[in-house]
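below are the sequence and a predicted model for it; my questions follow.
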Amino acid sequence: MAVPSDALISTDPYTGKVLGSTPWSSSLEVERALTAAHAAAEGSARAAPAHERAALLREAERKLRERRAAFVDLMVREVGKPVTYAEVEVDRALGVLSRAAGEAERWGGEWLPLDAAPSGRQGLGWILREPRGTVLGITPFNFPLNLLLHKLAPALACGCPILIKPSPRAPLTARATVELFDHAPHGWVGLVMTGDESTLRLAADPRVATVSFTGSSDVGWKLRSQLGGKPVVLELGGNAWALVGDDLDPAALAQAARKIARGAFGYAGQSCISVQNVAVQSGIWPRFRELFHAEVRDLAFGDPSDRRTVSGPVITAEAARRIRSTLATAAEKSRVESALRVGAPSEGAPDTVLTPTALEYVEESPLSSIHLQEVFAPLVTLRPFSRWETAVEWVNRGAFGLQAGVFSQRWPTIHRLARDLRVGGVVVGDAPTVRFDHQPYGGVKQSGLGREGIRWAMEEFTEAKFVALGE
């Protein structure tokens, strides 16, 4: 396939085949897109009635439903997403569009009684949510459809035009997603393919009212530091822990092992809430290890187009080299009791398909960098613990705090962990990999700032205006 020398080339991470090219946006194209978005923010988008914004989103939902198979195929080829995972992503994206349309129709502010304070008076206060203006949405490769819509759909739902700057690893899916909105009024939705410096200039432009970034922690916090007081929403990395208590009955323990195995190795661990660390209470540690290893050996690793595959390739050969180096360093520099290569890629798989690895530690060994940093790979650490205080301290020690999974059948334990774990979300009875698209989603500490999840993102993209009505 002949491709322009100045274009962004998309390559299948499993086969190495060139899929197509996407031209970089010129400075003139970026300026035109921003000018159109700003004009819409001051005019048509801000003034559009709720039913029109809802209808726009429902039309995009209809188009996506018609093109479901094409989007599944595109994600399998462009980012190496296992086909069953790609199907789930499209179905989740349909739900995001549907819920955003509903939120657009319900988005009316709230009432406040003025006599709630002794200094008040009779009457009501009306709290309006007004769109701030143009949103710049910067999106990653790993969920190239759904995470893009988590920015685009709520922006349109509350009357904000949006410019999408996608990952250079997934421009084809981004372009196809933006095309779902080709019926939108001029300036409401734009796509810009820019490098780091051009993206920063765009983000800093005063005509961009809000920046919503999903990606690595280093890049996200650096971006925020360069934008002064501009509103920024950051959805960043994590080192998600799953905690398993000894109160589980045999069936619940087997289910925990199954969910954690898939949460650790699904999609080659390329999710900010993939299970990276597992802590298991000492009394069930031997049995959990046995169950976990059995579960992983039943998982298929290799060709993402095979419906049996759970873990396909990592996104690039460079990422694969980084992960192998990280594994080698972890095994050498920390007190690893055993490094188990559990399962194996299918025969003939490329170097981008990694062998899933579980590093097992003794309880007394100190946490190492492999526990504390985001690995973004088919790697999980396992270790026993005796007291819940120890497990909580492990989770809270690091710089990240996105989500944690808790497997316990005791309400006092669940309540205590929900209170004490310094994370943005606690998932009970499941892996921390679970995300509900309408939940307030985000992290604490280095894992982010602000929240996504349709209604919560709409709050991030708007300002509260108070109107005190007379008696």
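Yep, it's here.

make it CA atoms for all contacts and neighbour counts henceforth
Will do.

what about the nearest residue to residue 302 once chain neighbours are set aside, neighbour count?
The shortest distance from residue 302 to any non-neighbouring residue, by Cα to Cα, 6 or more residues apart in numbering, is to residue 312 (4.8 Å). Neighbour count for residue 312, taken as other Cα atoms under 10 Å: 34.

could you list the low-pLDDT ranges of this protein?
Along the chain, the parts satisfying pLDDT under 70 run over 1-5, 331-347.

which ones are touching the residue nearest to residue 302?
14, 80, 81, 82, 267, 268, 301, 302, 303, 304, 353 (Cα atoms under 8 Å, 6 or more residues apart in numbering).

which one (most neighbours) among the residues you listed?
Each of the contacts of residue 312 was scored by neighbours using other Cα under 10 Å; the highest score is residue 81's, at 34 neighbours.

now that one, what's its secondary structure?
Using DSSP: H, G, I helix; E, B strand; the rest coil, the structure places residue 81 in coil.

gap between residue 95 and residue 173?
Residue 95 sits 18 Å away from residue 173, going by Cα to Cα, to the nearest Å.

can you pick out the residue with more neighbours from those two?
Taking neighbours as other Cα under 10 Å, residue 95 and residue 173 compare with residue 173 leading, 24 against 16.

so the more buried one sits right up against residue 144, yeah?
Yes. The pair residue 173 / residue 144 is scored as a contact, 6.2 Å apart, by Cα atoms under 8 Å.

which neighbours do these two share?
Contacts common to residue 173 and residue 144, judged by Cα under 8 Å, 6+ apart, are residue 75.

pull the contacting residues for residue 65.
residue 94.

repeat that for 10 Å
Each residue near residue 65 by Cα atoms under 10 Å, 6 or more residues apart in numbering is listed here: 59, 71, 90, 91, 93, 94.

can you pick out the most distant pair from those residues?
59 and 71 (16.5 Å; Cα to Cα).

which one of the two has more residues nearby?
For residue 59 versus residue 71, the count of surrounding residues by other Cα under 10 Å is larger for residue 71: 22 against 18.

can you show me the CA trace of stretch 6-18 as PDB?
The C-alpha coordinates for stretch 6-18 follow below in PDB (Å, rounded to 0.1, in the frame of the first residue of the first chain):
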ATOM      1  CA  ASP A   6       4.300  13.000   5.500                       C
ATOM      2  CA  ALA A   7       1.300  11.100   6.800                       C
ATOM      3  CA  LEU A   8       0.700   9.100  10.000                       C
ATOM      4  CA  ILE A   9       1.000   5.400   9.100                       C
ATOM      5  CA  SER A  10      -1.300   2.900  10.900                       C
ATOM      6  CA  THR A  11       0.100  -0.600  11.200                       C
ATOM      7  CA  ASP A  12      -1.600  -3.800  12.500                       C
ATOM      8  CA  PRO A  13       0.300  -4.600  15.800                       C
ATOM      9  CA  TYR A  14      -0.300  -8.300  15.200                       C
ATOM     10  CA  THR A  15       0.400  -8.800  11.500                       C
ATOM     11  CA  GLY A  16       2.600  -5.800  10.900                       C
ATOM     12  CA  LYS A  17       0.500  -4.900   7.800                       C
ATOM     13  CA  VAL A  18       0.000  -1.300   6.900                       C
END
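
list the buried residues in that stretch.
Residues of stretch 6-18 classed as buried by neighbour count (16 or more other Cα atoms under 10 Å): 8, 9, 10, 11, 12, 13, 14, 18.

do stretch 453-469 as well
The neighbour-count check on stretch 453-469 (16+ other Cα under 10 Å) flags 453, 454, 455, 456, 457, 458, 459, 460, 461, 462 as buried.

would you confirm that the last one contacts residue 156?
To tie it back to what came earlier, the one meant is residue 462. No. With contacts counted by Cα atoms under 10 Å, residue 462 stays clear of residue 156, the gap being 11.4 Å.

identify the farthest-apart pair in the buried residues of stretch 6-18.
Farthest pair in the buried residues of stretch 6-18, by Cα to Cα: 8 and 14, 18.3 Å.

ok, and for the helix or strand hosting residue 52, which residues are buried?
Using DSSP states H and E, residue 52 falls within helix 50-66. If you call a residue buried by 16+ other Cα under 10 Å, then helix 50-66 has these buried ones: 50, 52-61, 63-64.

how about residue 131, nearest residue that isn't a chain neighbour?
residue 462 (4.3 Å).

and that neighbour, what are its phi and psi?
phi -130, psi 170 (degrees, to the nearest 10).

show me what contacts it?
128, 129, 130, 131, 132, 133, 155, 158, 159, 160, 209, 210.

and those residues, which of them are in helices?
With DSSP state H as the criterion, helices contain residue 155 from among the contacts of residue 462.

just curious, which of the contacts of residue 462 is nearest to residue 226?
Checking those against residue 226 with Cα to Cα, the nearest one is residue 210 at 13.5 Å.

can you give me the strands for the stretch 1-150 of the chain?
Assignment of strands within the stretch 1-150 of the chain using DSSP state E, counting those that start in this stretch yields the ranges 7-11, 18-23, 110-113, 124-131, 134-138.

in a markdown table, list those along with distance to residue 412.
Below are those laid out as a markdown table (distance: least, Cα to Cα, whole Å):
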| stretch | distance to residue 412 |
| --- | --- |
| strand 7-11 | 50 |
| strand 18-23 | 53 |
| strand 110-113 | 35 |
| strand 124-131 | 38 |
| strand 134-138 | 40 |
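
just say which of the ones you listed is most tucked in.
Highest mean neighbour count of these: strand 134-138, a mean of 27 (counted as mean count of other Cα atoms under 10 Å).

pull the distance from that strand to the chain's centre.
16 Å (Cα atoms, centre = their mean, to the nearest Å).

now stretch 216-227
That offset, for stretch 216-227, works out to 17 Å (Cα atoms, centre = their mean).

could you list the buried residues of that stretch?
Residues 216, 217, 220, 221, 223, 224, 227 are the ones in stretch 216-227 that count as buried (16+ other Cα under 10 Å).

and stretch 355-371, by the same measure?
Quick answer for stretch 355-371 (16+ other Cα under 10 Å): 355, 356, 357, 358, 359, 360, 361, 363, 370, 371.

ends of it, what's the gap?
Termini of stretch 355-371 sit 19 Å apart (Cα to Cα).

likewise for stretch 450-458?
Stretch 450-458 end-to-end distance (Cα to Cα) = 11 Å.

before we move on, what about stretch 351-364?
Stretch 351-364 stretches 35 Å from its first residue to its last (Cα to Cα).

wait, what's in contact with the closest residue to residue 424 other than its chain neighbours?
Once flanking residues are discounted, residue 424 sits nearest to residue 443: 4.2 Å by Cα to Cα, 6+ apart. Contacts for residue 443 (Cα under 10 Å, 6+ apart) come out as 234-238, 400-403, 422-425, 449-451.

can you pick out the most distant pair from those?
234 and 422 (17.2 Å).

higher neighbour count, the two?
Using other Cα under 10 Å as the criterion, residue 234 and residue 422 rank with residue 234 on top: 27 against 23.

please state the offset of stretch 222-237 from the chain centre?
Centre-to-centre, stretch 222-237 and its host chain are 16 Å apart (Cα atoms, centre = their mean).

and for stretch 91-104?
17 Å.

please apply the same query to stretch 299-311.
In terms of Cα atoms, centre = their mean, the centre of stretch 299-311 is found 22 Å from the chain centre.
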